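Visitor: return a 3D structure for these sequence lines:
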Amino acid sequence: MKKKYVIFVVLIIVIFISGLYLLKKESQNEPKQEKKTEEVKKEEPKISKLSLIMVGDALLHGSVYRDAYKNGVYNFDSQLEYIKPIVQNYDLAFYNQESILGGTELGLSDYPAFNSPQEFGDAMVNSGFNLVSLANNHTMDRGEKAVLNSCEYWKSKENVLAAGSYCSKEDSEAIQIREKNGIKYTMLAYTYGTNGISVPQGKEYLVNLYSDEKAKSDIEKVRDKVDLLIVSMHWGTEYQAEPTEEQKREAEYLSSLGVDIIIGTHPHIIEPITYINNTLVIYSLGNFISAQSTNNDYNTMVELMTSVDIIKEEKDGQTSIKLDNLNNELLFNYYKKGSKWTDFKVIPFSQMNSSYNSDYQRLYNKYSAVVRMYNKDIPVNPLPNI
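Guide: I've put the predicted structure just below:
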């Protein structure tokens with residue numbers, strides 16, 4: 001019995017081991033199943049870009065438009081010959097039309113009550129300018145008729161966004177939204193006043209007079225409808241390089257409302273550039289073209305041209321706007337003095353030489369320092385030999 005029991009136990013063990021062997025072999029013969037791992041697709045951001053360039057006041061004194069009058073027509077192309085090739089490289093180009101384009105039918109006029117030929121606007125548009133501020137202290141110089149002529153003129157320029165002065169209440173309340181390169185943008189424009197000339201009651205649309213309340217109301221209508229919001233501000237004190245406390249306060253306020261770029265005009269000379277939070281603040285670009293000459297070291301003749309890229313990034317359902325590639329170029333408003341002032345030209349300092357002003361290197365150093373007064377990191381294009 002004992003022998004039989006041992007044999008039985010051995011058989012059980014053999015059968016068990018054999019079973020384990022067969023199971024192992026069978027499992028080795030089965031095809032291997034690869035583990036499937038879900039690949040997490042990372043969304044690449046969509047990048048859109050818009051380039052913007054800005055210059056200051058077009059203040060057409062009589063000698064400027066007389067210099068352009070040849071063979072019975074007004075032609076300003078030669079005055080802009082250095083600027084046009086630069087501006088045409090940009091998607092958006094801003095300037096302030098300081099003297100109103102009421103046209104020759106009203107009779108052209110000089111300081112203190114300006115009226116300018118509309119052919120100047122043609123030359124600027126043909127050079128690539130498509131953002132125009134019409135709100136300034138000279139908007140009402142020649143009354144309602146000049147404003148209406150100006151408004152109708154700018155309404156005929158389909159590719160131009162002109163802001164700050166309107167033909168009707170309906171026009172002033174219309175939201176002007178444009179789109180370029182996938183970026184929606186708009187511009188609002190305001191002036192501190194109109195040189196004491198009253199705006200007709202009930203016709204406040206003729207020119208946008210600044211107030212915190214009006215700016216807030218206008219901005220709230222458009223801020224969530226656009227990617228880029230620009231505000232043109234005609235403000236400050238003439239011929240003063242340092243912004244006033246009120247300019248600084250208004251800049252802070254507009255930044256708090258979500259304005260991306262503030263473009264300052266009116267002082268006729270350059271004021272600093274800085275950032276307030278994410279807002280680019282250009283306190284004053286100075287003049288662009290004029291016959292304004294002061295004895296203060298060419299300060300009304302040395303001007304600023306500022307450019308910046310607007311970068312829109314879309315990712316994971318979120319959109320963000322960033323300002324990049326800020327740059328500045330000093331300009332010189334050249335003309336020949338004699339019995340008549342002639343040969344007006346706006347010349348970038350990168351193309352300056354002693355025939356235009358023998359002291360241009362010192363002027364470059366002086367006014368570059370003004371641009372950087374509040375922020376030493378603000379770039380200014382160097383002169384070729386510096």
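Visitor: the closest residue to Asn296 other than its chain neighbours: what secondary structure?
Guide: Among residues not flanking Asn296 along the chain, Tyr239 sits closest, at 6.7 Å (Cβ to Cβ, 6 or more residues apart in numbering). Yep, even glycine has a C-beta here, placed from its N, CA and C like the rest. Secondary structure, DSSP: H, G, I helix; E, B strand; the rest coil: Tyr239 is coil.
Visitor: Pro200 too?
Guide: Three-state assignment for Pro200 (three-state DSSP): coil.
Visitor: OK, contacts around it?
Guide: The neighbours of Pro200, taking Cβ atoms under 8 Å, 6 or more residues apart in numbering as the test, are Glu144, Leu206.
Visitor: hmm, try it at 10 Å
Guide: Met140, Gly143, Glu144, Val147, Leu206 (Cβ atoms under 10 Å, 6 or more residues apart in numbering).
Visitor: number of nearby residues for Asn375?
Guide: Neighbourhood size, Asn375 [other Cβ atoms under 10 Å]: 12.
Visitor: leaving out sequence neighbours, find the closest residue to Asn75.
Guide: With sequence-adjacent residues excluded and distances taken as Cβ to Cβ, 6+ apart, Asn75 is closest to Ala68, at 5.7 Å.
Visitor: touching, the one you found and Pro117? I think so.
Guide: Yes - Ala68 lies in contact with Pro117 (Cβ atoms under 10 Å); the separation is 7.8 Å.
Visitor: joint contacts of these two?
Guide: Leu60, Tyr74, Phe76, Ala123.
Visitor: the last one: how many residues sit nearby?
Guide: It stands for Ala123. Neighbourhood size, Ala123 [other Cβ under 10 Å]: 20.
Visitor: the host helix or strand of Ile262 pairs with which strands?
Guide: Remark: Ile262 resides in strand 261-265, with elements defined by DSSP states H and E. Under the criterion DSSP bridges, strand 261-265 sits next to strand 228-234 (parallel), strand 279-282 (parallel) in its sheet.
Visitor: pick the most deeply packed of these.
Guide: Ranked by mean neighbour count, these are led by strand 228-234 with a mean of 26 (mean count of other Cβ atoms under 10 Å).
Visitor: who touches the following helix or strand past that one?
Guide: Reading on from strand 228-234 to the C-terminus, the next helix or strand found by DSSP H and E is helix 245-256. With Cβ under 10 Å, 6+ apart as the test, helix 245-256 has contacts from 188, 190, 192, 210, 212, 215-216, 219, 229, 231, 233, 235-237, 240, 242-244, 259-262, 264, 266-267, 271, 274-284, 374.
Visitor: please apply the same query to stretch 66-79.
Guide: 58, 60-61, 64-65, 84, 104, 108, 110, 116-124, 126-127, 289, 291, 333-336, 340-346.
Visitor: ok, now with 6 Å
Guide: Residues from elsewhere that reach stretch 66-79 (Cβ atoms under 6 Å, 6 or more residues apart in numbering): Pro117, Glu119, Phe120, Ala123, Thr342, Phe344, Lys345.
Visitor: and those residues, which of them are buried?
Guide: When these are checked for burial by 16 or more other Cβ atoms under 10 Å, the buried set is Pro117, Glu119, Phe120, Ala123, Phe344, Lys345.
Visitor: ok, of those, which one's closest to Asp171?
Guide: Nearest to Asp171, judged by Cβ to Cβ, of the buried ones among the contacts of stretch 66-79 is Phe120 at 22.3 Å.
Visitor: name the nearest residue to the closest one, sequence neighbours excluded.
Guide: Phe76 (5.3 Å).
Visitor: which strand runs longest in the chain?
Guide: Identified as the longest strand of the chain according to DSSP state E is strand 318-336.
Visitor: neighbouring strands - and their directions - for the helix or strand following that one?
Guide: Per DSSP H and E, the first helix or strand lying C-terminal to strand 318-336 is strand 342-348. Here strand 342-348 is paired, per DSSP bridges, with strand 318-336 (antiparallel).
Visitor: which non-adjacent residue is nearest Asn136?
Guide: His234 is the one closest to Asn136 (Cβ to Cβ, 6+ apart), at 4.4 Å.
Visitor: could I get the pLDDT score of that neighbour?
Guide: According to the prediction, His234 has pLDDT 98.
Visitor: same question for the one 3 residues further on.
Guide: Taken from the predicted model, the pLDDT recorded for Thr237 is 98.
Visitor: tell me the SS of the spatially most central residue of the chain?
Guide: Geometric centre of the chain, nearest residue: Leu52, 4.8 Å, by Cα atoms, centre = their mean. Under three-state DSSP, the three-state class of Leu52 is strand.
Visitor: now it, nearest residue through space, not along the chain?
Guide: Leu92 (4.4 Å).
Visitor: how far away is the one you found from Ser165?
Guide: Look at Leu92 and Ser165: by Cβ to Cβ, to the nearest Å, they are 20 Å apart.
Visitor: how about Leu363, phi and psi?
Guide: phi -60, psi -40 (degrees, to the nearest 10).
Visitor: okay but the residue nearest to Leu52 is in contact with Ser51, surely?
Guide: No - applying Cβ atoms under 6 Å as the test, Leu92 and Ser51 come out as separate, 7.1 Å apart.
Visitor: give me the more crowded residue out of the two.
Guide: The neighbour comparison of Leu92 against Ser51 (other Cβ under 10 Å) goes to Leu92, with 26 against 16.
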